[in-house]
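>>> only the shape, not the letters, is given here:
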């Protein structure tokens with residue numbers, strides 16, 4: 001089973017931007033790492049993988065309000081950073097799902 005790239009810096013743009021509190025970016029990253037852990041099991045069923053990315057997206061939805069409470073929001077910069085990270089994850093594991101589709105359930 002393939003392990004995720006330990007050198008890849010997930011959500012790097014969000015961490016570099018003071019607009020996004022690191023502790024909340026950590027929560028987004030945790031949701032993504034949950035999906036990564038699922039892929040590291042060797043799962044190849046695209047429906048199951050999409051379901052896991054939907055769960056990740058919903059977990060990120062759940063912290064939107066926390067961003068707002070901390071004078072931040074999941075806006076364009078966050079969407080791009082999340083999208084780039086999802087795209088990298090999918091490519092790393094050779095998953096035939098487009099990043100836009102993987103996070104298609106997003107409301108941010």
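Done, it's in. Model, not experiment: these values are computed from the prediction.
>>> by contact count, what packs against the longest helix along the chain?
Longest helix in the chain by number of residues (criterion: DSSP state H): helix 22-40. If you count contacts as 3 or more CB pairs under 8 Å, 6 or more residues apart in numbering; DSSP states H and E, helix 22-40 packs onto helix 12-16, helix 46-61, helix 64-69, helix 76-92. All C-beta atoms are positioned from the backbone trio N, CA, C, and that covers glycine.
>>> can you list the buried residues in the third one?
Taking 16 or more other CB atoms under 10 Å as the neighbour-count basis, helix 64-69 is seen to contain the buried residues 64, 67.
>>> and it, how far from the chain's centre?
Put simply, helix 64-69 sits 17 Å off its chain's centre (CA atoms, centre = their mean, to the nearest Å).
>>> who are the packing partners of it?
Looks like helix 64-69 contacts helix 22-40 (3+ CB pairs under 8 Å, 6+ apart).
>>> what is the mean pLDDT for the helix it packs on?
Model confidence over helix 22-40, given as mean pLDDT, is 98.
>>> stretch 66-78 too?
96.
>>> so what touches it?
Contacts of stretch 66-78 with the rest of the structure, by CB atoms under 8 Å, 6 or more residues apart in numbering, involve 13-14, 17, 19-21, 24, 27-28, 60, 64, 82, 108.
>>> buried ones among the residues you listed?
13, 14, 20, 21, 24, 27, 28, 60, 64, 82, 108.
>>> want to throw those residues into TSV with distance to residue 44?
TSV is the format used below for the buried ones among the contacts of stretch 66-78 (distance: CB to CB, whole Å):
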residue	distance to residue 44
13	30
14	29
20	33
21	36
24	32
27	28
28	25
60	24
64	31
82	23
108	28
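>>> if we only consider these, which is nearest to residue 48?
residue 60 (19.2 Å; CB to CB).
>>> and that closest one, how far from residue 96?
Distance of residue 60 to residue 96, computed by CB to CB, to the nearest Å: 23 Å.
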